[in-house]
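Enquirer: could you look at this predicted model? Sequence included:
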Amino acid sequence: MIAEDPARQQEGIEDNPRGWYTYMVRCADHTLYTGITTDPARRTADHNQGPAGARYTRSRRPVKLVWAEEQPTRAAAARREYQVRRLPVAAKEALIAGGGIPL
């Protein structure tokens, strides 16, 4: 077993061979929910069934995955989630449409 690099632990970097994603789903009421995951398709399914989905999406089902962006680490995905959540709806829609926003 290889020991974890202490410097990487301090930085909060967690590697995942599948990668980390920041994603958005559109709820049935047309609102957008943003989160992070290692598997956007599975997470979307979680939002659509059972208690594993976010509280916000439970009463707004079904949800549909409309955008996902791969990030190198969990910390980077969380930072991007914070950036996207703070955007106005028009900017989120532009991001979904492919216009993108700067990191």
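Expert: Happy to help now that I have it.

Enquirer: this protein: helices as residue ranges?
Expert: 6-11, 40-48, 55-58, 74-85, 89-97 (DSSP state H).

Enquirer: in CSV: those, plus mean neighbour count and distance to Tyr23.
Expert: Any C-beta I mention is one placed from the backbone N, CA and C, and that applies to glycine too. Shown next, in CSV, are the helices of the chain (neighbours: other CB atoms under 10 Å; distance: least, CB to CB, whole Å):
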stretch, mean neighbour count, distance to Tyr23
helix 6-11, 10, 23
helix 40-48, 18, 5
helix 55-58, 14, 12
helix 74-85, 17, 9
helix 89-97, 13, 11
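
Enquirer: any idea which of the ones you listed gets closest to Val66?
Expert: helix 89-97 (5.0 Å; CB to CB).

Enquirer: tell me what angle that closest one forms with helix 74-85.
Expert: 130 degrees (axes from the mean of the first three to the mean of the last three CA atoms, to 10 degrees).

Enquirer: out of everything not next to it in sequence, what's closest to Trp20?
Expert: Spatial nearest neighbour of Trp20, excluding adjacent residues (CB to CB, 6 or more residues apart in numbering): Ala77 at 3.9 Å.

Enquirer: apologies, that question was intended for Thr31.
Expert: Nearest one to Thr31, counting by CB to CB, 6+ apart, is Arg60 at 6.5 Å.

Enquirer: indicate which one of the helices of the chain is closest to Ala68.
Expert: From the helices of the chain, taking CB to CB, the stretch that ends up closest is helix 40-48, at 4.4 Å.

Enquirer: quick revisit: is it correct that the residue nearest to Thr31 is in contact with Cys27?
Expert: Yes - between Arg60 and Cys27 a contact is recorded at 3.5 Å, counting by CB atoms under 8 Å.

Enquirer: which residues do those two both contact?
Expert: Tyr33 (CB atoms under 8 Å, 6 or more residues apart in numbering).
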